[in-house]
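When you get a sec, could you give me coordinates for this:
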Amino acid sequence: MQVDYVRAYLPANENATRHNKDISATYTIGLNNCYNLGVSSPVIWNTNYKDEIIYPNPLATETKIEFSLATAEQISITIYNELGQLVKNLVTDNQINEGKFEVIWDGKNNSGDEVANGIYIYKITGEKGTLSTGKIIVKR
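As a prediction, the model looks like this:
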C-alpha cells in the first residue's frame with residue numbers, strides 16, 4: 001500500500017514551492033506486515049520540504065539519491081553491485097508525482113544485511129526507460 005504525506009497550508013502561507021495539497025513524502029507499507037515499516041520501505045521525500053524533515057536515523061551510513069520528474073510517472077529504483085547483480089530494490093513500480101525527490105538507502109541489501117565496502121550502481125527506471133544512473137561508494 002502506498003502512503004502519501006500531504007501538506008495543508010492556509011492560502012496566506014503558500015509560496016512558490018509550497019502549496020496546499022503538496023505531497024511531501026511517500027512510502028510503501030508491505031502487505032505481509034503492515035505494522036512494521038522498518039527500513040525495507042524507504043521514504044521518498046519531496047525536496048521542497050528538505051528543511052522540514054526530522055527523521056531520527058540510528059544508522060551511521062546512508063546515501064541520499066536525489067531525482068526529479070517532469071511529469072508523474074511510475075518508477076523503480078534499484079541498487080546493483082559492480083558485477084551487475086541486484087543488491088536492493090528501493091522502490092518498485094511506485095507512482096510518483098512530478099517534482100524533486102530524494103530516497104535514502106541505508107546500505108543494506110534485500111535480505112537486510114549491510115553490504116560490503118565497494119562501489120554500487122543505482123538505477124532509476126521510469127515507464128519509458130532509464131531516467132538516471134550513478135555510482136555509490138560504500139566505505140564503513
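
Quick one: the strands in this protein, in order.
Shown for the chain, the strands assigned by DSSP state E span residues 2-6, 23-28, 44-46, 63-69, 73-81, 86-96, 99-105, 118-126, 129-138.

got those as TSV, with distance to residue 12, mean pLDDT and mean neighbour count columns?
No exception for glycine: its C-beta is placed from N, CA and C like everyone else's. What follows is the strands of the chain, written out as TSV (distance: least, C-beta to C-beta, whole Å; pLDDT from 0 to 100; neighbours: other C-beta atoms under 10 Å):
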stretch	distance to residue 12	mean pLDDT	mean neighbour count
strand 2-6	19	72	12
strand 23-28	19	71	18
strand 44-46	21	67	24
strand 63-69	28	82	15
strand 73-81	32	94	18
strand 86-96	29	93	17
strand 99-105	23	85	20
strand 118-126	36	89	17
strand 129-138	36	83	12
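
Quick one, which of these gets closest to residue 16.
Evaluated over the strands of the chain, closeness to residue 16 peaks at strand 99-105, with 12.9 Å, by C-beta to C-beta.

Off-centre distance for the closest one?
Distance of strand 99-105 from the chain centroid (C-alpha atoms, centre = their mean, to the nearest Å) equals 5 Å.

same question, stretch 94-111
2 Å.

cool, and stretch 92-111?
That offset, for stretch 92-111, works out to 2 Å (C-alpha atoms, centre = their mean).

and residue 119, how far is that from residue 69?
Going from residue 119 to residue 69 by C-beta to C-beta, to the nearest Å gives 26 Å.

nope, residue 13 is what I meant
25 Å.

Equivalent analysis for residue 116, please.
For residue 116, the distance to residue 69 - C-beta to C-beta - is 32 Å.

next one: residue 98
5 Å.

likewise residue 104?
Residue 104 sits 18 Å away from residue 69, going by C-beta to C-beta.

try residue 77
Between residue 77 and residue 69 the distance, using C-beta to C-beta, works out to 12 Å.

And the residue sitting nearest the centre point of the chain, how close does it get to residue 112?
By C-alpha atoms, centre = their mean, the chain has its centre lying nearest to residue 103, at 2.4 Å. Using C-beta to C-beta, residue 103 is found at 17 Å from residue 112.

Brilliant, that's me finished.
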